[in-house]
Structure formats: C-alpha cells, structure tokens
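Participant: here is my input, please return the structure:
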Amino acid sequence: MSKNIVEKIIDKHIVDESEHEVGIRIDQTLTQDATGTMVYLELEAIDIDSVKTELSVSYVDHNTLQCGYENADDHLYLRTIADRFGVIYSRPGNGICHQMHLERFSSPTKTLLGSDSHTPTCGGVGSLAIGAGGIDVAAAMASEPFYMPRPRVMKVELTGELPPESEAKDVILHLLSVMSTKGNVGYIVEYGGPGVKTLSVPERATICNMGAELGVTTSIFPSDEVTERFFEAQKRDKDYHKLAADKGARYDKTITIDLSSITPMVARPHSPDNVATVASIAGTPLQQVCIGSCTNSSLYDMVVAYRTLKGKHVPPGTDLVIAPGSRQVVLTMEKLGLLEEFIECGARIMEPTCGFCIGNGQSPATNANTLRTSNRNFHGRSGTTSADIYLSGVRVAAASALAGALAMPPKIDEDDELVQKARDLSVLEIDDSMLVHPTGKADVVKGPNIGPPPRGTPLEGDIKGVATLKVGDKITTDDIMPAGERLKFRSNIARYAEFVFEHVDPDFHDRARSNRDDDVANFIIAGVSYGQGSSREHAAICPAFLGVRAVICKSIERIHRANLLNFGIAPLTFADERDYGYIDEGDELELKDVQRGMETGEFTLYNLTKDKKIILEGAFSEREADYLRAGGKLHAIGGGA
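Facilitator: Below is the predicted model of the structure:
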C-alpha cells in the first residue's frame with residue numbers, strides 16, 4: 001500500500017495503538033532550561049538509572065540573563081543532572097535549542113520529542129518532531145511510548161518558486177491566514193510538490209517552526225538532495241536518509257500553494273493568524289525591530305538581513321536588535337564580516353538565545369510598535385503589555401528597520417555569491433566545544449530555588465466548587481503562565497503559582513488558593529481554543545497546585561489538553577456551546593459522578609447558583625482516565641509518592 005511520509009515514520013515507531021490514538025517510540029528528546037528543570041525533576045521521580053533514548057540533549061537558551069541566583073542555580077542543576085542521566089548538555093550561549101538541534105543532531109526518519117512547542121523545526125529535514133509537555137518528554141526518556149491522537153495528514157502541495165522579495169516566513173504566514181490558529185487539532189502537515197526543491201533546509205525549518213501556530217501536531221518535509229547537502233555542510237553525512245511519500249499516497253486533506261504568488265506578509269497584533277500583506281499597512285511606525293528567534297536565525301537569515309542593511313544606518317527613533325540562532329551562526333558571521341557590518345548600521349548584537357521572543361530582554365517602550373521575526377505576538381509576550389507586536393520575515397524586518405516604519409522589502413539577488421554560500425551552507429564554522437558529553441561522575445546540585453514536582457489529587461466522586469475564573473476565546477499558555485521576568489521561578493512551583501493568570505486577572509491566585517485551602521474546587525470556564533501556544537506544562541502544574549480540578553471550555557488545544565490530564569485536571573468541553581453563557585464567574589458548581597463520566601464520555605455539571613443542568617463531554621482513553629484517577633501521570637507510571 002502506498003504511504004505518505006508520516007505513515008512511514010509512524011509505522012516504524014508504533015508500539016501501541018487504539019481506535020483513536022497511537023503510541024510511538026521516541027528516538028531523540030530535547031529540553032530547554034525554562035521547561036527542562038521540571039523534566040529532570042520528574043525523571044528523578046520516575047527513578048531510572050539513565051535515559052533509554054538514542055539521544056537526549058539538554059539546552060540552556062531561555063534563562064541566560066542571570067539577574068539573581070535562580071537561573072545560575074538552574075544551569076548548575078541541569079548540567080549535573082544531565083551528566084547523571086546520560087544526557088548531552090548544551091551550555092548557555094551555545095544557541096537556541098531548535099537551531100542547534102537542527103544543525104547538530106536532527107536526522108530524517110527519526111522521532112524527536114521536545115519540551116518546547118517549536119520542536120517541529122526539525123521537520124525541515126524530515127524528522128517527525130513534536131512538542132509536548134515536560135512529563136511526556138521525561139516518560140519518553142524512560143522508554144514510555146508517546147501517545148497522540150491518531151493523526152490525520154494534511155498535504156500542502158507547493159508549486160512554483162518564491163519571488164525575490166518574498167521568503168519562507170511569508171509562506172507560513174499565508175497558510176496561517178488560510179487555516180487560522182484554531183480548528184486544526186489532530187492534523188500533521190506534510191509538505192510536497194515541485195516547489196519543495198526550491199526551498200533550502202533553513203527555509204523549510206522556518207515553515208515547520210511556525211507551523212506550531214496552526215495548532216497541528218507537527219509539520220514535516222521530505223528528505224531529498226537539498227537535505228543531503230545540508231548534512232554534508234554540517235559534516236554529518238551519516239545522519240542523512242532519503243525520505244519521500246510513495247506515488248499515490250493518500251491524504252485526509254490537500255491544500256495547494258503557488259509559491260510564485262506569495263507576497264510579503266505581516267501578522268498584526270495580537271495573534272499570528274491576524275495576517276495582512278505588508279503593502280496594505282506599509283508606513284505603520286516602528287520603534288523597535290528584532291531579527292532572530294528560533295524561526296528566523298539561520299546563517300541564511302543573517303545574510304539576507306546583511307544584504308539589506310549593508311552600507312546604511314537605522315534612524316535614531318528605531319532600535320534594531322539582531323540575535324543569531326547558534327554559536328555556529330555567530331562564528332560564521334564573524335568569519336564573513338557580517339558582525340562588523342551590523343554594528344556599523346546601528347544594530348545591537350544579542351547572544352544566541354530565545355531572548356526577545358519570550359520577553360527576556362528587549363521589551364519595547366510603553367505603547368510602542370515592535371516588529372519581530374519570531375513566531376508569536378500574543379498580548380504582553382514582549383514583556384510590555386501595552387506594546388503591539390507585528391511579525392514578519394527577515395527581508396521585511398530589515399527594510400522596516402531602515403525606514404523606521406513597516407516597509408516593503410527590496411528584491412534580494414539569490415544568485416549573489418554570499419547568498420548562495422549561505423543557502424548551500426558551504427562556509428560554516430563548526431565548533432561543538434560547548435556541548436558537554438556525560439561522564440556519569442558529577443554529583444547532582446540543587447539550589448534553593450529548585451523544588452520537587454507537586455503531587456496531584458485523584459479525580460473521583462462528586463466535585464463541588466466554584467467557577468473561579470471565566471475567560472473568552474483563544475486564551476494562550478502565555479496568558480495562563482507569563483514568561484519574561486517571571487521565568488526564573490519555573491523551578492519553584494509554589495512561587496511561580498503566584499503569577500497564574502497574572503495579566504488576565506491579578507486576583508485569581510488569591511481566590512484559587514483560598515478555595516483550595518477551604519477544600520473548595522476551582523473550575524475554569526473558557527471559550528474556543530483554550531491553551532494555545534507554548535507547550536509549557538507549568539500552565540497545568542501551577543493551576544493544579546492551586547486546586548483547579550477541571551477546565552470547562554468550548555474547545556482546547558492538543559498539548560495543553562495533554563498537560564492538564566498529566567497533572568490531574570479534567571479537560572471538558574460543552575456538549576452545547578451555548579451553555580457557556582449559563583455560567584458566570586463566582587457561580588457554585590458541582591461535577592457529578594466523575595468515574596461514570598470517564599467511562600461514558602459524558603459528564604453532568606450542575607450550576608447550583610442558577611439551578612441549571614449542563615452536559616459536558618470528555619472522551620478519555622483508558623490511559624488518560626487512569627491519569628485522572630491517579631492524580632496525574634507521575635503517579636500513574638510509578639513516579640508518585
């Protein structure tokens with residue numbers, strides 16, 4: 001039978017399956033420090049001697065600004081625990097996890113699970129790379145299967161070739177304008193067609209990276225001669241494997257994109273799918289432009305920016321920030337003279353980290369407009385709640401930095417010698433000296449900011465409580481658990497929980513904690529697409545710590561749903577979305593006979609305040625129901641106290 005790429009990889013890795021889900025073996029894992037400390041604390045609780053994967057890498061790329069002891073303590077713990085478990089440790093300053101993994105460890109046909117939602121970046125080389133909550137990654141490192149809904153595969157057929165003023169970022173922005181950020185749960189996007197061969201691996205990686213904003217499980221490209229050249233340039237020829245869909249392979253859905261029709265695009269505040277053409281809003285004033293992030297920080301991106309900025313200078317009213325994606329990119333930029341040119345044009349050069357993308361530095365001024373080449377522009381994500389974030393590709397960003405306003409980009413000559421070298425990666429400076437390989441000899445060191453993962457409460461019987469918070473549509477994990485200045489508390493759940501829904505309702509923490517202490521359950525009521533964005537499991541851990549027992553919403557996103565289950569919170573949806581209007585914040589609620597609901601998939605909620613019966617749905621597999629009955633995955637797989 002003819003198979004598509006996704007089917008080929010899953011069939012080789014499947015270890016368990018049911019009608020609605022599959023469990024696959026994971027070959028590789030990656031963690032980053034903002035989520036990684038909890039992953040390794042969970043791995044300690046599972047109690048294994050060493051990781052069981054082919055390869056696991058711990059990257060430090062989020063909390064590299066060391067204002068206080070907390071981040072340095074986290075780094076020390078991550079380095080020593082990596083040594084204990086047999087994990088490679090990438091030191092601070094070595095690069096962003098996705099760019100680094102793409103360069104040095106990715107491999108076609110392999111499965112990769114990462115504790116970061118942009119792990120699909122490595123789909124650019126034909127890896128089935130999936131973002132997940134930390135405990136799912138810890139379990140995979142302990143040889144547990146990774147479970148996901150049985151995927152539906154959507155083919156995106158690419159034809160033609162991008163015009164010289166457009167780029168890969170415009171392709172994914174266009175796709176977001178077509179598909180939006182909601183309603184795509186359960187799909188994997190597989191790219192194909194003659195247009196694929198016109199895109200380099202860094203361009204493919206950009207598309208897969210921001211594919212996370214579609215809400216799909218992951219995105220993947222074939223592995224072809226373009227991929228082979230990438231591995232040759234990285235001196236990793238042995239890791240290359242050809243991967244293509246069979247002729248006649250079947251797909252659940254197909255979308256065709258003519259690359260030659262793609263024009264420069266921009267995502268307007270405050271959602272990645274709020275897309276417009278640059279031409280339609282050109283002239284929008286900008287106080288800041290940031291080029292970099294895991295979406296657009298390859299050598300090719302840096303060369304494109306260089307070609308636009310060379311010999312010019314940014315105006316005094318606009319700040320330009322450039323953040324390369326890895327030490328490899330920085331070293332190659334220095335070799336080619338790019339760093340000097342960027343400095344002369346008025347740019348500030350940042351360390352290769354996540355940085356500005358998550359509000360860790362370079363927060364814009366009050367009410368400012370900032371244009372960024374990153375992947376998310378949620379309200380407040382920059383660290384400034386009153387700022388408006390626009391998203392674009394590198395060409396638009398560089399041109400706009402010079403104009404001090406949103407501007408159409410110049411045409412870049414793809415036949416330019418330097419651009420060709422960047423596309424072919426024939427000039428790379430490869431240096432793995434900041435990768436620390438495990439010896440098994442280090443003593444694990446934990447500072448005072450690092451606490452154990454909390455233990456959940458079994459979900460059973462009738463649950464009586466309060467609608468502690470009611471929110472609207474498209475609530476993101478950034479809304480639930482802010483990053484930026486709060487990120488350093490992620491290793492300390494009791495402290496980090498003080499900031500749950502900080503920007504949505506500053507009083508939520510106090511109400512929820514008071515209810516928890518009085519043995520009153522907390523319920524969260526939400527609209528469509530609850531839990532968009534980051535894979536941060538803290539958006540489930542911290543609410544669970546505060547006594548949230550169920551999230552009742554119109555629809556929920558894949559990773560967040562899994563995280564809620566993993567920490568003993570029931571993700572439930574309205575059978576009739578109109579019932580959302582029959583619950584107000586503060587209403588007394590009672591969820592009846594939870595055990596029966598887990599067996600039937602239908603739950604009964606009584607709004608005691610309004611004397612209203614509401615039917616909810618929660619189609620849980622037996623495995624998921626076991627997590628809820630046990631009070632979370634850690635208990636269910638034997639890591640609970």
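
Participant: K610: neighbouring residues, count only.
Facilitator: 14 (other CB atoms under 10 Å). In this view, the C-beta of every residue, glycine as well, is placed from N, C-alpha and C.

Participant: so what's it up against?
Facilitator: By CB atoms under 8 Å, 6 or more residues apart in numbering, the contact list for K610 reads 582-584, 587.

Participant: longest helix in the protein, please.
Facilitator: Identified as the longest helix of the chain according to DSSP state H is helix 70-85.

Participant: and it, what does it pack against?
Facilitator: helix 33-46, strand 55-59, strand 88-90, strand 435-436 (3 or more CB pairs under 8 Å, 6 or more residues apart in numbering; DSSP states H and E).

Participant: closest one to K110 among the ones you listed?
Facilitator: strand 55-59 (8.6 Å; CB to CB).

Participant: how about the CA coordinates for that closest one, as CSV?
Facilitator: C-alpha atoms of strand 55-59 as CSV (Å, rounded to 0.1, in the frame of the first residue of the first chain):
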residue,chain,number,x,y,z
LEU,A,55,19.9,10.7,22.1
SER,A,56,18.8,13.3,24.6
VAL,A,57,20.1,16.8,24.7
SER,A,58,19.5,19.5,27.4
TYR,A,59,19.8,23.0,26.0
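
Participant: same for it, what does it pack against?
Facilitator: Partner elements for strand 55-59 (3+ CB pairs under 8 Å, 6+ apart): strand 28-32, helix 33-46, helix 70-85, strand 88-90, helix 97-104.

Participant: do that again at 7 Å, thanks
Facilitator: With contacts taken as 3 or more CB pairs under 7 Å, 6 or more residues apart in numbering; DSSP states H and E, strand 55-59 sits against strand 28-32, strand 88-90, helix 97-104.

Participant: would JSON lines of those with distance to S374 be doable?
Facilitator: Formatted as JSON lines, the helices and strands packed on strand 55-59 follow (distance: least, CB to CB, whole Å):
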{"stretch": "strand 28-32", "distance to S374": "15"}
{"stretch": "strand 88-90", "distance to S374": "20"}
{"stretch": "helix 97-104", "distance to S374": "12"}
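
Participant: what's the closest non-adjacent residue to T35?
Facilitator: Spatially, and ignoring its direct neighbours in sequence, T35 is nearest to S115 (4.1 Å; CB to CB, 6 or more residues apart in numbering).

Participant: now swap in P269 and tell me
Facilitator: Here the residue nearest P269, using CB to CB, 6+ apart, is D388, at 4.3 Å.

Participant: test my guess that that neighbour contacts N369.
Facilitator: Yes: with contact defined as CB atoms under 7 Å, D388 reaches N369; the gap is 5.1 Å.

Participant: shaky segments in this protein?
Facilitator: 639-641 (pLDDT under 70).

Participant: break it down into its structural domains.
Facilitator: The chain breaks down by automatic domain parsing into domains covering 5-261, 267-424, 463-634.

Participant: looking at those domains, which is nearest to H437?
Facilitator: Of all these, domain 5-261 comes closest under CB to CB, at 5.8 Å.

Participant: and that closest one, end to end?
Facilitator: Domain 5-261 has an end-to-end distance of 26 Å (CA to CA, to the nearest Å).

Participant: same deal with stretch 265-279?
Facilitator: First-to-last residue span, stretch 265-279, CA to CA: 8 Å.

Participant: chain center to that stretch: distance?
Facilitator: Distance, stretch centre to chain centre, for stretch 265-279: 19 Å (CA atoms, centre = their mean, to the nearest Å).

Participant: check contacts around P151.
Facilitator: 6, 186-188, 217 (CB atoms under 7 Å, 6 or more residues apart in numbering).

Participant: could those residues go into JSON lines alongside distance to P149, secondary structure and neighbour count?
Facilitator: Converted to JSON lines, those look like this (distance: CB to CB, whole Å; DSSP: H, G, I helix; E, B strand; the rest coil; neighbours: other CB atoms under 10 Å):
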{"residue": "V6", "distance to P149": "13", "secondary structure": "helix", "neighbour count": "23"}
{"residue": "G186", "distance to P149": "5", "secondary structure": "coil", "neighbour count": "16"}
{"residue": "Y187", "distance to P149": "9", "secondary structure": "strand", "neighbour count": "22"}
{"residue": "I188", "distance to P149": "10", "secondary structure": "strand", "neighbour count": "27"}
{"residue": "T217", "distance to P149": "7", "secondary structure": "coil", "neighbour count": "26"}
